[in-house]
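# return atomic coordinates for the entry below.
(chains A, B, C and D)
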2 protein chains.
Amino acid sequence: MTLPPDTQDETLTERQQAVLDAVLALMVEQGGELTMNAVARRASCSKESLYKWFGDREGLLTATVRWQASKVRTGNYDRTRLDALALRDSLIRFAANWLGVISSPTSIALNRFAIAQAGGGTPGGGLGAIMLANGRFAIGARLKPVLDAGRDAGLIDFDDTETAFRSFIGLVGRDVQIRLLLGDTLRLTPGEIEADAARATDQFLTLYGTANPVPGLPKTNA
Amino acid sequence: MTLPPDTQDETLTERQQAVLDAVLALMVEQGGELTMNAVARRASCSKESLYKWFGDREGLLTATVRWQASKVRTGNYDRTRLDALALRDSLIRFAANWLGVISSPTSIALNRFAIAQAGGGTPGGGLGAIMLANGRFAIGARLKPVLDAGRDAGLIDFDDTETAFRSFIGLVGRDVQIRLLLGDTLRLTPGEIEADAARATDQFLTLYGTANPVPGLPKTNA
DNA sequence: AAAGGTCCGTACCGTACGTTACGGTTCCCT
DNA sequence: AGGGAACCGTAACGTACGGTACGGACCTTT
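Numbering: from 1, shown residues only, chains lettered A, B, ... in the order given. I've put the predicted structure just below:
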């Protein structure tokens, strides 16, 4: 009669968090073959405890996704005083951070799981909806204030913040995520991430910047 | 003793093609739960025939991916004489075509399958490698001649064709593919596809175009 | 008409996995 | 020290699915 704890809000024991970390580790190294037996063995816990804590396999997976999402949340990027250089710096740091996240083995493994079961008949979306809410839409909510502030400061110009935001993440991410998800052996070193972030940001500023661009960065046809 | 027909090159009976179409239909409507029984029932054939024709489940899946890929191949986009308007038109048609492909239910379902098993221990990449070869890399090989021709004609300028190409598909695709894969209810009408293709192309030409842009398209901060 | 091949429908087998149940151990509370 | 809760390890159960085997129908060939 134990109803599934779908309303769990950060109420996780240290032990349970360790279990979820074990799930993440298994997802990363073992890939799509994730059995309850393997989780129990890896986490050194009994399957009975797994079912008591998370209800069923689906509950364990959603708890894992939420757990990882709660670990990824970083600081905001908005500032009070904003000049062209500060805006560019904020955008570059945002882009580099996001590239680091989406190219991390954990994010790749988690997205694979969410995508694999997004097609199933699970109503409500399941893991895919959670990944979208905590990934795509969360970063949108975090970056849009920066873009709006840049527009208010007269540094950039656009009609729709959403459209500008999508152009930016398109320039930043390009085909990285889909290639990594499909198993492409694509290594992003921290140096490449930083360079890509700067290139994408400068391209974005070229497209949406006003007449006062950052000096010395007219066009970057890298 | 029937060795698996891994060297099948378009040698498919009409019956077998119908079976693969049934697999595609099942992938689209049923999602990740694809059993051999369901395929046999849907295609009105026996499981024995499935195993005789495709070896095993993996062979059936790879044959399906190849079959779909062979259906998507469209005409090339290169031209002999190229002015600014012709280049822009080629890019727009290419972008619209690609957007239509990646937003089609068949492509989404197929990518879901390839991604789901790309994490598994299957060496060589499996379906993911096939999807990459026939998707991402195939369109690259098809578009790069156009970009190079545009550069030779002095219409656009860049150092690395690959980098320019990746910026282009970033501007075109943005976050469409990952959102659809995660189950986002995102509908792309033909009109939106055409508008997105034009916007992305004009943004690309703004970034990489030379001093002679298409008249009347200086900046499109849509 | 007889023979042989191809294929459909179904039944069957072995295994893997999700889920449940149980005995033994550790730890906390009083 | 005694009682109880939580938990670990393992065994057991039911189902689902990949893969195989078999009987019968249809079609072609001679």
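# who in chain A is up against DNA strand D?
Residues of chain A lying close to DNA strand D (CB under 7 Å from any atom of the strand) are A:13, A:15, A:40, A:44, A:45, A:46, A:47, A:48, A:49, A:52. C-beta: built from backbone N, CA, C; applies to glycine.
# could you dump these to a markdown table with secondary structure, neighbour count and pLDDT?
Shown next, in a markdown table, are the residues of chain A next to DNA strand D (DSSP: H, G, I helix; E, B strand; the rest coil; neighbours: other CB atoms under 10 Å in any protein chain shown; pLDDT from 0 to 100):
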| residue | secondary structure | neighbour count | pLDDT |
| --- | --- | --- | --- |
| A:13 | coil | 9 | 85 |
| A:15 | helix | 11 | 87 |
| A:40 | helix | 17 | 93 |
| A:44 | coil | 9 | 91 |
| A:45 | coil | 17 | 92 |
| A:46 | coil | 10 | 91 |
| A:47 | helix | 12 | 91 |
| A:48 | helix | 9 | 90 |
| A:49 | helix | 14 | 91 |
| A:52 | helix | 11 | 92 |
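# measure how buried the residue lying closest to residue A:22 once chain neighbours are set aside is and give me the count.
Nearest residue to residue A:22, sequence neighbours excluded (CB to CB, 6 or more residues apart in numbering or on different chains): residue A:43, at 3.8 Å. Around residue A:43 sit 20 other residues, with neighbours defined as other CB atoms under 10 Å in any protein chain shown.
# what separation do you get for residue A:43 and residue A:17?
Relative to residue A:17, residue A:43 is positioned 11 Å away (CB to CB, to the nearest Å).
# could you do residue A:144 as well?
Distance check for residue A:144 against residue A:17: by CB to CB, it reads 31 Å.
# and for residue A:23?
Distance, residue A:23 to residue A:17, using CB to CB: 11 Å.
# run through chain A and note the low-pLDDT ranges.
Along chain A, the parts satisfying pLDDT under 70 run over A:1-10, A:75, A:77-80, A:120-125, A:211-222.
# cutoff 80 now
Chain A contains residues with pLDDT under 80 at A:1-11, A:32, A:72-81, A:119-125, A:211-222.
# for DNA strand C, what are the nearby residues on chain A?
A:33, A:34, A:35, A:36, A:37, A:46, A:47, A:48, A:51, A:56, A:57, A:58.
# I'd like the next helix or strand past the helix or strand encompassing residue A:88.
With secondary structure defined by DSSP states H and E, residue A:88 is part of helix A:84-102. The element immediately downstream of helix A:84-102 (helix or strand, assigned by DSSP H and E) is helix A:105-118.
# residues contacting that next one, please?
Contact with helix A:105-118 is made by A:24, A:27-28, A:31-32, A:34, A:61, A:64-65, A:68, A:101-102, A:125-128, A:130-131, A:135, A:177, A:180-181, B:31-32, B:111-112, B:115-116, B:118-119, B:178, B:181-183, as judged by CB atoms under 8 Å, 6 or more residues apart in numbering or on different chains.
# show me which pair in the residues of chain A next to DNA strand D is furthest apart.
A:13 and A:47 (17.1 Å; CB to CB).
# residue A:184 and residue B:194, how far apart?
For residue A:184, the distance to residue B:194 (CB to CB) stands at 30 Å.
# pretty sure residue A:182 contacts residue B:128?
Yes - applying CB atoms under 8 Å, one finds residue A:182 in contact with residue B:128, separated by 3.9 Å.
# which residues are in contact with the one residue sitting closest to the centre of chain A?
Geometric centre of chain A, nearest residue: residue A:135, 4.0 Å, by CA atoms, centre = their mean. With contact set as CB under 8 Å, 6+ apart, residue A:135 has these partners: A:69, A:111.
# same check on residue A:175?
B:136, B:166, B:169, B:170, B:173.
# give me the distance from stretch A:96-111 to the chain's centre.
6 Å (CA atoms, centre = their mean, to the nearest Å).
# can the helix holding residue A:88 be found next to chain B?
No - figure legend: helix A:84-102 not in contact with chain B (CB under 8 Å from any CB of the partner chain); closest approach 8.8 Å.
# now that helix: buried residues?
Residues of helix A:84-102 classed as buried: A:84, A:86-88, A:90-92, A:94-99, A:102 (neighbour count, 16 or more other CB atoms under 10 Å in any protein chain shown).
# looking at these, which is nearest DNA strand D?
Nearest to DNA strand D out of those is residue A:102 (CB to the nearest atom of the strand; 30.6 Å).
# pretty sure that closest one sits against residue A:169.
No - counting by CB under 8 Å, residue A:102 sits too far from residue A:169 to count as a contact (9.8 Å).
# quick revisit: which one's more surrounded, residue A:23 and residue A:17?
Remark: of residue A:23 and residue A:17, residue A:23 carries more neighbours, 27 against 14, as counted by other CB under 10 Å.
# name the element that one belongs to?
Counting by DSSP H and E, residue A:23 is part of helix A:14-30.
# and that helix, what's buried?
By neighbour count on 16+ other CB under 10 Å, the buried set for helix A:14-30 is A:16, A:19, A:20, A:21, A:22, A:23, A:24, A:26, A:27, A:28, A:30.
# ok, so of the residues you listed, who is nearest residue A:206?
Nearest to residue A:206 among these, with distances taken as CB to CB, is residue A:28, at 37.3 Å.
# rewinding a little: show the buried residues in the contacts of helix A:105-118.
For the contacts of helix A:105-118, a burial check counting by 16+ other CB under 10 Å picks out A:24, A:27-28, A:31-32, A:34, A:61, A:64-65, A:68, A:102, A:125-128, A:130-131, A:135, A:177, A:180-181, B:31-32, B:111-112, B:115-116, B:118-119, B:178, B:181-183.
# how about the helices in chain A?
Applying DSSP state H to chain A gives helices spanning A:14-30, A:36-43, A:47-54, A:57-72, A:84-102, A:105-118, A:127-134, A:136-152, A:161-173, A:176-181, A:190-208.
# out of those, flag the one nearest residue B:156.
Checked against CB to CB, the stretch from the helices of chain A lying closest is helix A:190-208, at 14.0 Å.
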